[in-house]
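Novice: got a predicted model here, sequence first, then my questions.
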Amino acid sequence: MKRYKYLLLFFLAIFTLQATAQQSSAELKKKKQALQREIDLLQKGLNQTSKSKKLTQSQINALTAKITLMEDKIAVINTEMKRLDSQITENKNTVLSLKEQLAQLKKQYAAMVRFAQKNRNGYEKMMFVFASKDFYQAYKRVKYLQEFSQYRKKQANFIMGKEQNLNEKIVVLDKNLKEKSSLLAEQENEQHKLAKDKTQQAEALNKISKQEKQYKQDLASRMKQRAAIDRSIKDAIRREIEIARRKALEKARLEAARARAAALAKAKAEAAALARAQAKARAENKPVPKAPKVKEPEAEPEKVAGNPLTATPESAKLSSAFQNNRGSLPWPVASGSITEGFGRHKQGQATYDNSGITITTAPGAAVRAVFSGKVTTVRPAMGSYFVLIKHGEYFTVYQNLHSVSVSPGETVSTKQTIGTMSSSGSPELQFQIFRGISAQNPAGWISR
């Protein structure tokens, strides 16, 4: 019984490993397809912008991002090949094992057939039975002859099953080898493309170095515009914080006024009761009770304790829900690639900061809210628009929109369209997340 239990566990483990390998293979193919979609999107944008003779930083960023994606894709292909090599080795060993088992089974079956041919005469079988010492031995010999015949049939079926299994494994192995050949060709093709793009990148960087003065001026102009927009965004956030602070302070003052009114009413009632008690004591010639010390009423609050943006239960709940979705927020566009990350960047000898991430997307792409919240600001900026959405103590910003479909004060839901990108060129969405006025790295918040 134990032996069968161990065999069952062994086959279950093999099945689980095979299922895991298949799942991992499917995940790798899915990842490779996703990377290729991003590469195609960037290449489409590069094809459109390459018509312009003037090289821009956006083109260089897109080219750099494309090279990174291609390197990631090659890494995925290498992982696929390693996994496939493991499967090929495993299947080769299985084929060899099955061939050995089949040869042994055929050898045993041939021996049984020769034995059966020697004893096929019915008279000899009868003599074999009648030569028994007693009835019990005769019965056992009859059963033996019957079981031998049945066993021979089972062995024949078992050999056929083994042959079928062997043929199936050979087909799988052949498929593995063809797939490996295809992956090798794909890897070679991707490496060739990568080398070409790296050459193009080197030429672009060389061009920038030759025209460094012009690019420094362009960068300074672009950074000046970005700084102006960032100041406008932070001013809008500060206004929201101030509005929340005033509301919280007004609420606290109202609650304090109610508390004072209740305390005054209670004091009046206690004074009236004391006056009655004192009059009664005098009439009965008893000690007159003294008035207790009156507690000074609390002054109106001058400031709000804690974060005013989470002062209400609703805003605190929304802020907590946003925080709990860190790493799984949807992208603000359906398809795109991060072409400039968060933080400090260097271009030539100049450095600049990006308080969000730049996502290159498709022309005319719909821009979506990454979480439910309230639109607080919609404002034109440098020929485009930006939208600011409040999520408790968090804010999300969507810059460089060509058109906007929401208004200040409007409540939006997750993935609701709030505007669209430009329908020409290679549009770049500037996406930011703030906690209060502190910039967060959006790459750590959106799903990978």
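Specialist: Arrived safely, thanks for sending.
Novice: ok, which stretches of the chain are helices?
Specialist: 2-49, 57-118, 122-130, 135-210, 212-283, 313-324 (DSSP state H).
Novice: what's the angle from the last one to helix 212-283?
Specialist: Going by axes from the mean of the first three to the mean of the last three CA atoms, to 10 degrees, helix 313-324 is angled at 140 degrees with respect to helix 212-283.
Novice: start at 403, not 1
Specialist: Shifting the count to begin at 403 puts that one at helix 715-726.
Novice: need the contact partners of helix 715-726.
Specialist: Ala646, Leu711, Thr712, Phe773, Ser774, Gly775, His793, Gly794, Glu795, Tyr796 (CB atoms under 8 Å, 6 or more residues apart in numbering). Just so you know, the C-beta spots here come from the backbone N, C-alpha and C atoms, and that holds for glycine as well.
Novice: residues near Lys670, how many?
Specialist: 10 (other CB atoms under 10 Å).
Novice: comparing the helices of the chain by mean pLDDT, which bottoms out?
Specialist: Mean pLDDT across the helices of the chain is lowest at helix 524-532; the value there is a mean of 51.
Novice: okay, the closest residue to Gly838 other than its chain neighbours: pLDDT?
Specialist: Excluding its sequence neighbours, the residue lying closest to Gly838 (CB to CB, 6 or more residues apart in numbering) is Glu795, at 6.2 Å. pLDDT recorded at Glu795 is 94.
Novice: likewise for Trp733?
Specialist: Per-residue pLDDT puts Trp733 at 95.
Novice: still on that earlier bit, check the contacts of helix 715-726 against Ile740 and report the nearest one.
Specialist: Using CB to CB, Phe773 comes nearest to Ile740 of these, at 18.8 Å.
Novice: give me phi/psi at that closest one?
Specialist: Phe773 adopts backbone torsions of phi -160, psi 160, taken as degrees, to the nearest 10.
Novice: report the beta-bridge partners for Ser786.
Specialist: Beta bridges link Ser786 to Ala783 when assigned by DSSP bridges.
Novice: and for Val777?
Specialist: Ile791.
Novice: which residues touch it?
Specialist: Contacts of Val777 (CB under 8 Å, 6+ apart): Val789, Leu790, Ile791, Lys792, Val808, Ser809, Pro810, Gly811, Glu812, Thr813, Val814, Ile820.
Novice: please apply the same query to Thr779.
Specialist: Contacts of Thr779 by CB under 8 Å, 6+ apart are Ile635, Ala638, Phe788, Val789, Leu790, Pro810.
Novice: again with Leu575
Specialist: Per CB under 8 Å, 6+ apart, neighbours of Leu575: Ile490, Asn493, Lys494, Val497.
Novice: thinking again about what came up before, now list the buried members of the contacts of Val777.
Specialist: Buried members of the contacts of Val777, scored by 16 or more other CB atoms under 10 Å, are Val789, Leu790, Ile791, Lys792, Val808, Val814, Ile820.
Novice: wait, which of those residues is closest to Asn480?
Specialist: Among the buried ones among the contacts of Val777, and counting by CB to CB, the member closest to Asn480 is Ile820, at 40.2 Å.
Novice: nearest residue to the closest one other than its sequence neighbours?
Specialist: Val808 (4.7 Å).
Novice: torsion angles phi and psi at that neighbour?
Specialist: Dihedral angles (degrees, to the nearest 10) for Val808: phi -130, psi 170.
Novice: would you mind measuring from it to Leu711?
Specialist: 21 Å (CB to CB, to the nearest Å).
Novice: ok, Gln627 next?
Specialist: Taking CB to CB, one finds Gln627 at 28 Å from Leu711.
Novice: could you check which of the two has the larger neighbour count?
Specialist: Leu711 (25 against 13).
Novice: what sits against that one?
Specialist: Glu642, Ile643, Ala646, Ser717, Ser721, Gly794, Glu795, Gly838.
Novice: reformat the residues you listed as TSV; add neighbour count and distance to Lys484.
Specialist: TSV is the format used below for the contacts of Leu711 (neighbours: other CB atoms under 10 Å; distance: CB to CB, whole Å):
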residue	neighbour count	distance to Lys484
Glu642	20	52
Ile643	17	52
Ala646	21	54
Ser717	20	50
Ser721	19	44
Gly794	24	45
Glu795	22	46
Gly838	16	46
